[in-house]
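Asks: Below are the sequence and a predicted model for it; my questions follow.
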Amino acid sequence: MSTTIDYYFSTSSPWTYLGSGRFIEMARKVGATVNVYPVNFHTIFAQSGGLPLPKRSPQRQAYRMMELKRWRDYLGIPIVVEPANFPSKAPLAPQAIIAARESGQDALTLTDAILTALWRDDRDIDDPTEIAAIAESLGMDGHALVDAAPGFADDYNADSEAALAAGVFGAPSWVLPDGEVFWGQDRLELLRWRLGA
């Protein structure tokens, strides 16, 4: 029996990138419907006790870097661990994804392409030209999505509040219909187990 998965993430999250392709493959295997929610983790951290990266202790920052390299090597997924264009400072990418979602386009594939652009290719996902080009490479009208993106600011905020209400505090997170939350790309095996994939 297929299920629905609410997928909450940040386009600035390397962990979301490392889990993205693997999650998409799993979701397709089980025939899951995925609700795509790019959310603002500044909002979520402020209410859930999380800290943005620059405010974390040196020990936590050092461990994060070690873990990124370890997971890169373990998974064999190429990643630029310190991209020049990190962190993303504009809401353009998430709001373009919402624009795709709300117009019935493949927001999940667009999400993966944007994550790959930042974390594998070190492209500037705050640049409207880059976002348009990424969408165009998928056969979407990239310029239309970029033009529409600012109109989804309220949806972006509402999705962020919905994430908090669902118990989300980190990226990526997947929430099943019964409210069970799976946080982090390293929980994908538990999600696979729960879905019977």
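Replies: Looks like it came in fine. Note that the structure is a prediction, hence the values are computed from the model and not measured.

Asks: I'd like the distance between residue 74 and residue 90.
Replies: Residue 74 sits at a distance of 32 Å from residue 90 (criterion: CB to CB, to the nearest Å). For glycine as for every other residue, the C-beta is placed from the backbone atoms N, C-alpha and C.

Asks: between the two, which one's more packed in?
Replies: residue 90 (14 against 10; other CB atoms under 10 Å).

Asks: Now do the helix or strand hosting residue 146: which elements does it pack against?
Replies: Using DSSP states H and E, residue 146 sits within helix 142-148. Using 3 or more CB pairs under 8 Å, 6 or more residues apart in numbering; DSSP states H and E as the contact test, the elements touching helix 142-148 are helix 92-102, helix 128-137.

Asks: can you map out the helices along this protein?
Replies: Per DSSP state H, the chain carries helices over the ranges 14-30, 41-48, 58-75, 92-102, 107-119, 128-137, 142-148, 153-165, 188-195.

Asks: got the angle for the fifth one vs helix 128-137?
Replies: Yep, that's helix 107-119 we're talking about. 130 degrees (axes from the mean of the first three to the mean of the last three CA atoms, to 10 degrees).

Asks: from here on, count from 771
Replies: New numbering, starting at 771: the last item is helix 877-889.

Asks: Show me what the lowest-mean-pLDDT helix or strand in the chain is packed against.
Replies: Every helix and strand of the chain was ranked by mean pLDDT, DSSP states H and E. The lowest is helix 811-818, at a mean of 76. Under the contact criterion of 3+ CB pairs under 8 Å, 6+ apart, helix 811-818 touches helix 923-935.

Asks: Show me what the helix it packs on packs onto, helices and strands only.
Replies: Packing partners of helix 923-935 (3+ CB pairs under 8 Å, 6+ apart): strand 803-808, helix 811-818, helix 862-872.
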